Structures are given as structure tokens and as C-alpha cells.
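> Requesting a structural model of the entry that follows:
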Amino acid sequence: MKNRCLLLSLGLFIFAAAFIGAVNAAGPVAGDAGRALTVTDDVGKTVVIQGIPQRIVSLAPSNTEILYAIGLEDRIVGVTDYCDYPPAAAGIQKIGGYKTISIEKVLAADPDLILAAPGSAEEVVDRLRALGMTVLSLDPETIDDVLQDIELLGRATGQEEEATACVEDLRLRISAVTKKTDTLTEKPPVVHVVWHDPIWISGSGTFQDEVITMAGGVNAFGSIEEWGIISLEEFIVADPDYILVSSGTGMTEEGHDVIRDYFMNEPRMQRLKAVRDGHVHVVDTDVISRGGPRIVDALEEVAAILHPDLFGAAPRETTSAVSSPGFGVIPLAGALLVPFLLRVRR
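Prediction:
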């Protein structure tokens, strides 16, 4: 009898352990259904999130990248046409572009959380809210804002531990750069060029400006707010030590970046120090423009470009990358849309 009771008890113990393990593996469902979390998003909206969201629609590439970074890829049920990173995002149901979001497709995905962004059509977001959808808007303006949004999304989705681990790793990587660059007595003037005809540059209040500064450089056009057009004469007078140009913008069929080619081949640019020294570098537009975890990749890359003695040489640049969706060849008239495109790509 004692042996039978012992075996029965052991069996119940094993069953209970297996059951608890299965519940834990299945994720936060039972016990969390009654949770009501109130948060304030980046546009000042008070959002109440009921339970733990299990079906998420992302309306911006940066949001999608954060979701993947904190282990939420299995809960994503809809993304925009421009959500191209990581590559696995290409296999998720598309719900339209920045200004062409299909409300019908969003509703068909049956989301319990929608992540909006500044590039999302405001009327569409308002309509989704009016239909009772839970919409959380992320609009980071600085690298620190990006880290805070990762933590915010972690709380909103019940992935606090994963979000905290992600942020801690990113902060360590940032610190590894700034500990070296903060003590530099000489910092080279740098320009980030978005387009060449006319010459569009990134000024203050942009991710590009912050990356340049933290990487140990000085934005030669930091006096300009956000993005602006610079004359050829102004650019030549600035004579930066380094020129960073966007990839994915104006890639030709031959695989050359027309912006870099412009600086390397334009006769009037040959007197520039950056051109003479071979310091015209291509940087992935998506990496240095999106408000997601990869902004730290951009920081590390630019730091290695500006200070190879401190960080080792940057990876050899390739100009044969495929053009980023929605950011292909920009003609003269289309170049006027550059600031808008840069902002919505976040």
C-alpha cells in the first residue's frame, strides 16, 4: 500500500511539473487576461492595454525591428510593405504602406495591439482608434528615446525581461563607444548626405546628427535643424573631413551609389579633404535612420569610420546593396520629399 501511494504521489508530482512547464512555455495567457495596463505613448495618448497582446500589427519598420529584438516575432500578424528587416519580416501579411494602410487588412488580422508611427496616415490611425482598436504610437527622437520605447513595448506586451536585457546590451555597446569618444580632444567635422541634387544634409535633431556626435565627430552642418538643402559653395567652404552618404538611395543597376559617385567624380568636389583622403563612406540608410535597435549598429560603424585607431577599421563598404523599398532613385522633384521619407522610415 505504501509503495502504491508513493508511486501515485510521484505520478501526480510529475504530472503537475509537466503541466506547469507547459503553461510557462505557452506564454503569459492564464492569469493575465484580467490585466489592464495604462501607459502613455510617444504622442501623449493614454492607452489601456487589456491582457497580454497576442496579435500585433506594426505600421512602421522601426516598430517591427523592436518586436523582433524582444522576441515577439511569433505574435506579429501584420506589417507594412517597407518592413524589410529582419528578412523573416518579408513573410508576414502586408497591410499597406505608410500612407496606404488598408483598414480592412488591419481589421482582418484581428489584432489586439497596433503599433503606429509618425509616418502612419493620421486619419487611418484615428479611424482604427474609433473602431475600438488598441493603438500605441512610438515616435523616438533620440537614441535614448529608442531605448525607452523598447522598454515601453516590453511592458505593453508582457516581455519586460526580454526588453530589459535588450536595452542593457544596447547601453553597454553605446557606453563602449562613448567612453572612448567623450575624452577626445580633436573631433573631425562630418557631413551626412541624404541626396546630392540638390545637396540634402542631416542637421541637428536627427538620429544621424546624434550618431555623428556620439561617434566622436562634429556635424559640420549642426546649425541646421533636421534636414536642409546646402549649396555647392557652402559644402565646399565647410570642407568636412568625412562625408557619410546614404545607401539604398539612388542605387543604379550597375550597383553603384550615385551619391557617392557624385562626390568622387564631380570635378568641383575634388578639392575637398574628404574626397582627397578617400573618406566618402556609404552607410545603410535604414540602419542610421530608423528608430530601432540597429541605430546602435550605426553608431559602432560610424565610430569605426571616424576613429579606426580606437575601434578598428569599419567593415568594407559595399555599394551593390539592393535599394530599400520606397527609397529608390530620387529624381530632382522627388528629392524634395527627402525629409518626409527619412522621418516615416523610422
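> Identify each buried residue in stretch 86-106, please.
Residues of stretch 86-106 classed as buried by neighbour count (16 or more other CB atoms under 10 Å): 89, 92, 95-98, 101, 103, 106. Where C-beta positions appear, they are placed from N, C-alpha and C, glycine not excepted.
> Stretch 126-135 now?
By 16+ other CB under 10 Å, the buried positions in stretch 126-135 come out as 128, 133-135.
> Equivalent analysis for stretch 297-317, please.
298-307, 311, 314, 317.
> Quick check: residue 156 is in a strand.
No - assignment of residue 156 by DSSP: H, G, I helix; E, B strand; the rest coil gives helix, placing it outside any strand.
> For it, list the residues it contacts.
37, 39, 47, 49, 53, 113, 136 (CB atoms under 8 Å, 6 or more residues apart in numbering).
> could those residues go into TSV alongside pLDDT and secondary structure?
Output for the contacts of residue 156, formatted as TSV (pLDDT from 0 to 100; DSSP: H, G, I helix; E, B strand; the rest coil):
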residue	pLDDT	secondary structure
37	95	strand
39	96	strand
47	96	strand
49	96	strand
53	97	coil
113	98	strand
136	97	strand
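> So of these, which two are at opposite extremes in space?
Spatially, the most separated pair among those is 39 and 53, at 12.1 Å (CB to CB).
> Please identify which of these two sits among more neighbours.
residue 53 (22 against 14; other CB atoms under 10 Å).
> Leaving out the residues flanking it, which one is nearest to that one?
Of all residues not flanking residue 53 in the chain, residue 113 sits nearest, at 3.7 Å (CB to CB, 6 or more residues apart in numbering).
> Show me what that neighbour is bridged to.
Judged by DSSP bridges, the bridge partners of residue 113 are residue 56.
> Now do the contacts for it.
Neighbouring residues of residue 113 by CB under 8 Å, 6+ apart: 49, 53, 55-57, 134, 136, 156-157.
> Please report phi then psi for the nearest residue in space to residue 142 that is not next to it in sequence.
Among residues not flanking residue 142 along the chain, residue 210 sits closest, at 6.1 Å (CB to CB, 6+ apart). Main-chain torsions, residue 210, degrees, to the nearest 10: phi -70, psi -40.
> doesn't residue 141 make contact with residue 210?
No - using CB atoms under 8 Å, residue 210 makes no contact with residue 141, being 9.3 Å away.
> between the two, which one's more packed in?
Of the pair residue 210 and residue 141, residue 210 is the one with more neighbours under other CB under 10 Å, namely 20 against 15.
> Next one, pLDDT for the more buried one please.
pLDDT for residue 210: 98.
> Distance of it relative to residue 43?
Per CB to CB, to the nearest Å, residue 210 is found 21 Å from residue 43.
> Enumerate every residue touching residue 50.
Residues counted as contacts of residue 50 (CB under 8 Å, 6+ apart) are 35-36, 112, 134.
> which SS state does residue 52 fall under?
coil.
> How many neighbouring residues does the nearest residue to it once chain neighbours are set aside have?
Excluding the flanking residues, the one nearest residue 52 by CB to CB, 6+ apart is residue 158, at 4.1 Å. Each residue near residue 158 was counted by other CB under 10 Å, and the total is 22.
> Now residue 158, what are its backbone angles?
Dihedral angles for residue 158 - degrees, to the nearest 10 - are phi 80, psi 20.
> likewise residue 192?
Torsion angles, degrees, to the nearest 10, at residue 192: phi -100, psi 120.
> Isn't it up against residue 203?
No - counting by CB under 8 Å, residue 192 stays clear of residue 203, with 9.1 Å between them.
> Compile the buried residues of stretch 297-317 into JSON lines and extend it with columns for distance to residue 261.
Below are those laid out as JSON lines (distance: CB to CB, whole Å):
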{"residue": "298", "distance to residue 261": "22"}
{"residue": "299", "distance to residue 261": "26"}
{"residue": "300", "distance to residue 261": "26"}
{"residue": "301", "distance to residue 261": "21"}
{"residue": "302", "distance to residue 261": "21"}
{"residue": "303", "distance to residue 261": "25"}
{"residue": "304", "distance to residue 261": "23"}
{"residue": "305", "distance to residue 261": "19"}
{"residue": "306", "distance to residue 261": "22"}
{"residue": "307", "distance to residue 261": "26"}
{"residue": "311", "distance to residue 261": "27"}
{"residue": "314", "distance to residue 261": "20"}
{"residue": "317", "distance to residue 261": "13"}
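> any idea how far the residue nearest to residue 142 is from residue 42?
Separation of residue 210 from residue 42 (CB to CB): 17 Å.
> For the buried residues of stretch 86-106, work out which two are farthest apart.
Maximum pairwise distance in those, criterion CB to CB, is 21.0 Å, between 89 and 103.
> Could I get the full set of helices for the stretch 151-300 of the chain?
Shown for the stretch 151-300 of the chain, the helices assigned by DSSP state H, counting those that start in this stretch span residues 160-181, 207-214, 232-238, 258-265, 273-276, 285-289, 295-306.
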